[in-house]
Structure formats: C-alpha cells, structure tokens
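> Compute the structure for the input listed below.
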Amino acid sequence: MLQRILVVFFLIAGKGLLAQQATLEIQGTAPHLFLLHSVQPKESLYSLSRTYNVAPKALALYNNLRIETGLDIGQNIKIPLDKNNFVQSEKISGMGLIPVYHTVTEKETLYRLGLNYNKVSLANIKQWNHLSSDGISAGTSLIVGYLKVDKSQSTLAQDNVEPVVKKVTPPAEVPHTEKVETPKTEVAKKPEISSEKSVVQEEKAVKPVEEKVATNKAPSHSTIDFKGGFFKKIFDEQSGDKASDAGTGGIFKSTSGWQDGKYYCFNNNATPGTIIKINNPATNKSIYAKVLDSNPELKQNEGLLVIISNAAAEELGVSENFNCEISFIK
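Numbers count the residues shown, from 1 in each chain. Down below sits the predicted model:
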C-alpha cells in the first residue's frame, strides 16, 4: 500500500515539475530581464545554452560560474533575455518562438507592465493576449514577449512552432481580464547519459544527446558518404567574406550524423550556428559541419583548430587527430 502511495506521489510531482519547466515566467525589469531554470538530471550549461539560445560562456558569466563546473539537480540558473534570444514581435521567420509570460500583480497596469519590459507597446500586449480593453486583474498571466530559439536545437521548440496567444474576454460591466490556464510547451524527454564533466550536448531531431569531447579513435562503423553532409547546401548559400585556416583537427563522440549526415563541430574562429567546410588534404575529402560553440577548454583540446563529430570523421576517412583545412564566413 505504501509503495502504491509513493508511486502516485512521484507521478504527480513529476507532472508538476514538467509543467513548471514548460511555462516561461519572466523575471526582473529592463534591461536586466531573465528566466529562472531549475536544473534537471543530466543537464549542463551546454544543454541549457541550446535550449534557451544563449552561449555557454554567457550563461556561466551571468551566473558567476566556471564553464567547466557541473550543475546540481534543483540548482536555479538565471537565463539572460537579450536581443539575441528575446523578441517582442511575432514576425520572425525560421525560428521557434516560445511565449514568455508575466503574472499580473495588484494595482499593476498595462502601461506599467509595458515600461518594465523594454517599453513594449500596449497594442502588442493586447494583440498577443486578445485583450479588448486596458483593464487587467491580479493573477492573470500575460504574454510580454517571445523566447527565440533554433527549432533544430532547442528542446522547447516543436515542429512549426508559432506564437501562442490566449484569448481573454473581460466581463462587460467590469473592465478586467479573466485568469486563464497557461499553455504548456511539451519538453522533449532527455535520455540517460554520462555524468562526466567533459560531457557536452548535441541535438538530433530536437531530442538532445549528451556527448563526451575526446580526441581518441572514433568507434567502428561502416563507411558512410553523404557527399559532405546535410549542411553543404546551407554553406554554399552563405554570403559574406570568407576566411580560411589550417591546423590539427580532433574528434568527439556523438550519435548524430550517422543516419542523416548532420555533422557538428567546435571551433574558436567561426560564429556558433554557422556552417564551416573542413577538408582533409590526405584524402582530399570535405565535410560541412555546424559550429556548436568554441572548443571546450579541456587539456586534450589544446592546440586543436577544430573538433568534429565521429560521423564526420568517418566520412573524412580519419579515426584520430588529423591535419585539416577549414573555410568559413567571417
């Protein structure tokens, strides 16, 4: 009987935790706006950076942490909202837009709320929340902006993400808004992974997979050839001044790329999110990889120009550190 009660308790607690993480509640006032995230098992600064579209170094600095420091379950991490990941417009193409809410307090007005959040116009707030008047009541959750994320990387994003608005219809005799249930954004379930400090996260079909950065040999797989990989077309369409460099490449373990040719890498020169071309002069083969971040500051990565996933290494024909040439848009 006691076992059954405990099972029910943990099921309810788990559902409550998911609901808490699914609704994004804004904190602070402009220009110091942020979200609070309660760390879940196996999460790291790297995984949070992809979920909320913030660089790992920026997250570490904002929370006075060292980037190589692991996170504790239940630890509160502040997620800064800035021009890179917080927008107050619905007209953003190619990105996932996750609603960010503010819970109205006593005697708070739409005018004051707009001032606190980057002087967002009353018209926008009313449009996002389907308000027909300026009156609002305490306890109502209102959309005040959107978290802008990469649909292919953030666990908050889903296919064809569109801004979510809630219709609030005040009674005719008293101008106020009814409290409505906050929409929930379904969070993708995270698989079990290693807890070592060198773990970093990479995405495959929006479900994150933790990885360990390493320069040892790649696992044994049959030879693959995606003709450079999934990101080749995107690289060819990039415009701007091109830069090139040569040096030593390393390899990290990943489950991505083996089935779809989506290769990822780390590099200190190219901007995260851009696509770079990596050529192996020994085999005259090239692959195209998306930059996740700068090289993790680990001893085994010292002196490396680029670190590629082991699937990318397989197509390049290498299984350990190798000489390479890279090109990218500045």
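> could you say what helices and strands the strand ranked longest in the chain packs with?
Longest strand in the chain by number of residues, with DSSP state E as the criterion: strand 242-252. Applying 3 or more CB pairs under 8 Å, 6 or more residues apart in numbering; DSSP states H and E, one finds that strand 242-252 makes contact with strand 304-309, helix 310-316, strand 322-329. C-betas here are computed from N, CA, C, even on glycine.
> Figure out which of those is closest to residue 142.
strand 322-329 (39.5 Å; CB to CB).
> returning to that earlier point: among the helices and strands packed on strand 242-252, which is nearest residue 224?
Per CB to CB, nearest to residue 224 of the helices and strands packed on strand 242-252: helix 310-316, 5.4 Å.
> Rounded mean pLDDT for that closest one, please.
When pLDDT is averaged over helix 310-316, the result is 92.
> what's in contact with that helix?
With CB atoms under 8 Å, 6 or more residues apart in numbering as the contact definition, helix 310-316 has outside contacts at 218-219, 221, 223-226, 228-229, 251-254, 256-258, 261, 263-265, 278, 280, 283, 285-287, 289, 308, 319, 322, 324.
> Would you mark the buried spots in that helix?
310-316 (16 or more other CB atoms under 10 Å).
> ditto for stretch 85-99
Buried-residue list, stretch 85-99, by 16+ other CB under 10 Å: 85-88, 95-99.
> residues contacting residue 286?
So residue 286 contacts 228, 277-280, 316 (CB under 8 Å, 6+ apart).
> And those residues, which is closest to residue 242?
The shortest approach to residue 242 among those belongs to residue 277, at 9.4 Å (CB to CB).
> Dump whichever strand or helix holds that closest one to CSV, restricted to CA.
According to DSSP states H and E, residue 277 maps onto strand 275-280. What follows is strand 275-280, C-alpha atoms only, in CSV (Å, rounded to 0.1, in the frame of the first residue of the first chain):
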residue,chain,number,x,y,z
ILE,A,275,28.5,26.2,-41.2
ILE,A,276,32.1,25.6,-41.9
LYS,A,277,33.9,23.4,-44.6
ILE,A,278,36.5,21.0,-43.3
ASN,A,279,38.9,19.4,-45.8
ASN,A,280,41.2,16.5,-45.2
